[in-house]
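Peer 1: Next one to model:
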Amino acid sequence: MASGTLYTYPENFRAYKVLIAAQYAGGNVKVAPGFVFGETNKTEAFLKKFPLGKVPAFETADGQYLTESNAIAYYVADARLRGQSDLEKAQVIQWLGFADSEILPASCAWVFPCLGIMQYNKQSTERAKEDVKSALQALNTHLLPRTYLVGETITLADIGVACTLLQLYQYVLDTSFRKPYQNVNRWFTTVVNQPQFKAVIGEFKFCKKTAEFDPKKFAEFQAASKSGGGGGGGKEGGSSKKEKKKLDETELALAAEPKSKDPFDALPKGSFNMDDFKRCYSNEDETKSIPYFWEKFDPENYSIWFGEYKYNDELQKVFMSCNLITGMYQRLDKMRKNAFGSVCLFGTDNDSSISGIWIWRGQGLAFELSQDWQIDYESYKWTKLDPSREDTKKLVNQYLSWSGTDKEGRKFNQGKIFK
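Peer 2: From the prediction side, this is the model:
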């Protein structure tokens, strides 16, 4: 039975995973009292234990240290939660990864603006909604013949995925949006009403009306962040404390996150206007947008690459293959300003392939500009294309028009645009 101290703040859905796992396993996990985000985690004593200063963080009873919520939850869990067989253990890890890569980015992009902690962007929000639908559909299909995600009892897979879905079900998934996903709704309702969940999150209330972006709320959050209100420390008058909205885990984490410099900024801008091309491609027929691309393309400062997925023999269901593409797009979100991609799936269930063309600023492989962009790129074979060659133009035109076949003759099934 694991025991120790968990450093976090209230309503941290990542910490919920740890606390719920401890409830099931009977672990003695105590939340550190008096923790103030932005203060406690910046002290010399805290950083000596946890150098990155991130939470949740866990100190075991015998003085060992753990970070990353999935790892901490795994540590405090018991064998039943981790999976009964090697296969089940792998499936648990699979679903924890699914939550982090397929659900969480889309949830943040949709929910954060509604909470006032991120500027609203219509394109990003609409894309996030579609990504949420894809993730829910994958879950819905998986849960059709099952009560739980792995095996016949609740595991860390259920705990991790349910906790990552909490904000979506709480703020934006109203009755009409979640109606098509009855299997997911049934499973989620079952899970959050377990005594071990209720002991941590309390009575869960489903969203009745989708939250929307409030410019005034966003302005107030920005002002509070700049004045240090998000830290929760220092002396304030009683009325000021009442007026300020207490920031939850996601707000605090976002406010504290340093603004990273765009790696593309070091490269020449050139004459190709990526935004103009994206607008043209989105609004015009291919008979206009494709010639527009070749007319405006700047080969001196931009390059074209062909990416081929290396593990096509492992692809199974089409919707799962599409989720691979969607997940990669989400993890490359900060590339969008200076990159464009058209990735296509060819073939059918159990006989398909993934490949696509990418265009970005610079002549090198863009993923190597930032470690944050390198999660997926090694799963692809990358070939730089010569824009002056006719076979390059033919290939680019095929992927921009979503037509033709792959190298093995599989017919085009569907595509996804990165823009």
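Peer 1: Isn't residue 136 up against residue 184?
Peer 2: Yes: using Cβ atoms under 8 Å, residue 136 is in contact with residue 184, at 5.5 Å. For the C-beta atoms, the positions are set from N, CA and C on the backbone; glycine is no exception.
Peer 1: who touches both of those two?
Peer 2: Common contacts of residue 136 and residue 184 (Cβ atoms under 8 Å, 6 or more residues apart in numbering): residue 178.
Peer 1: Please name the residues that touch the residue lying closest to residue 208 once chain neighbours are set aside.
Peer 2: Once flanking residues are discounted, residue 208 sits nearest to residue 174: 6.4 Å by Cβ to Cβ, 6 or more residues apart in numbering. Taking Cβ under 8 Å, 6+ apart, we find residue 174 in contact with 207-210.
Peer 1: Put the buried members of those into a ChimeraX selection.
Peer 2: Of those, the buried ones go into a single ChimeraX selection, burial set by 16 or more other Cβ atoms under 10 Å:
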select :207
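Peer 1: Closest to residue 413 out of the contacts of residue 174?
Peer 2: Among these, residue 210 lies closest to residue 413 (Cβ to Cβ), at 31.6 Å.
Peer 1: re the thing from before, and the pLDDT at the residue nearest to residue 208?
Peer 2: pLDDT recorded at residue 174 is 95.
Peer 1: gap between it and residue 400?
Peer 2: Residue 174 sits 36 Å away from residue 400, going by Cβ to Cβ, to the nearest Å.
Peer 1: before we move on, what about residue 181?
Peer 2: Note on residue 181: its distance to residue 400, by Cβ to Cβ, is 33 Å.
Peer 1: And for residue 190?
Peer 2: From residue 190 across to residue 400, the span is 45 Å (Cβ to Cβ).
Peer 1: Domain boundaries for the protein, per the record?
Peer 2: Domain assignment for the chain by automatic domain parsing gives 3-79, 81-201, 265-418.
Peer 1: If we ignore the residues flanking it in sequence, what's nearest residue 129?
Peer 2: Residue nearest to residue 129 in three dimensions, not counting chain neighbours: residue 110, with 6.2 Å by Cβ to Cβ, 6+ apart.
Peer 1: Correction: the previous question concerned residue 324.
Peer 2: Using Cβ to Cβ, 6+ apart, the closest residue to residue 324 is residue 354 (6.7 Å).
Peer 1: residues touching residue 133, list them.
Peer 2: No residues are in contact with residue 133 under the rule Cβ under 8 Å, 6+ apart.
Peer 1: And it, how far from residue 360?
Peer 2: 28 Å.
Peer 1: So the residue nearest to residue 324, which state does it fall into?
Peer 2: Following DSSP: H, G, I helix; E, B strand; the rest coil, we place residue 354 in the strand state.
Peer 1: What is the burial count for it?
Peer 2: The number of residues packed near residue 354 is 25, by other Cβ atoms under 10 Å.
Peer 1: and it, what is it in contact with?
Peer 2: Applying Cβ under 8 Å, 6+ apart to residue 354 gives the contacts 308-309, 312, 315, 321, 324-325, 343-346.
Peer 1: if we go to 7 Å?
Peer 2: By Cβ atoms under 7 Å, 6 or more residues apart in numbering, residue 354 lies in contact with 309, 312, 321, 324-325, 343, 345.
Peer 1: For residue 5, state which of those is nearest.
Peer 2: Once Cβ to Cβ is applied, the member of the contacts of residue 354 that ends up nearest residue 5 is residue 324, at 38.3 Å.
Peer 1: how close does that closest one get to residue 109?
Peer 2: For residue 324, the distance to residue 109 - Cβ to Cβ - is 19 Å.
Peer 1: again, but for residue 330
Peer 2: Separation of residue 330 from residue 109 (Cβ to Cβ): 8 Å.
Peer 1: and what of residue 283?
Peer 2: Where residue 109 is concerned, residue 283 sits at a distance of 23 Å (Cβ to Cβ).
Peer 1: which of those two has more neighbours?
Peer 2: More neighbours surround residue 109 than the other of residue 283 and residue 109, with 21 against 9 (other Cβ under 10 Å).
Peer 1: ok, and the closest non-adjacent residue to that one?
Peer 2: Leaving aside its chain neighbours, residue 109 sits nearest to residue 128 (3.7 Å; criterion: Cβ to Cβ, 6+ apart).
Peer 1: The one you found - how many residues pack around it?
Peer 2: Neighbourhood size, residue 128 [other Cβ under 10 Å]: 24.
Peer 1: Run through the residues that contact it.
Peer 2: 106, 109-110.
Peer 1: for residue 3, same thing?
Peer 2: 27-29, 61.
Peer 1: remind me which residues of the stretch 101-250 of the chain are low pLDDT?
Peer 2: For the stretch 101-250 of the chain, the stretches flagged by pLDDT under 70 are 223-250.
Peer 1: rerun that using 80 as the cut-off
Peer 2: When residues are selected by pLDDT under 80, those of the stretch 101-250 of the chain lie in 217-218, 220-250.
Peer 1: Repeat that for the stretch 251-400 of the chain.
Peer 2: Using pLDDT under 80, the stretch 251-400 of the chain drops low at 251-261, 371-372.
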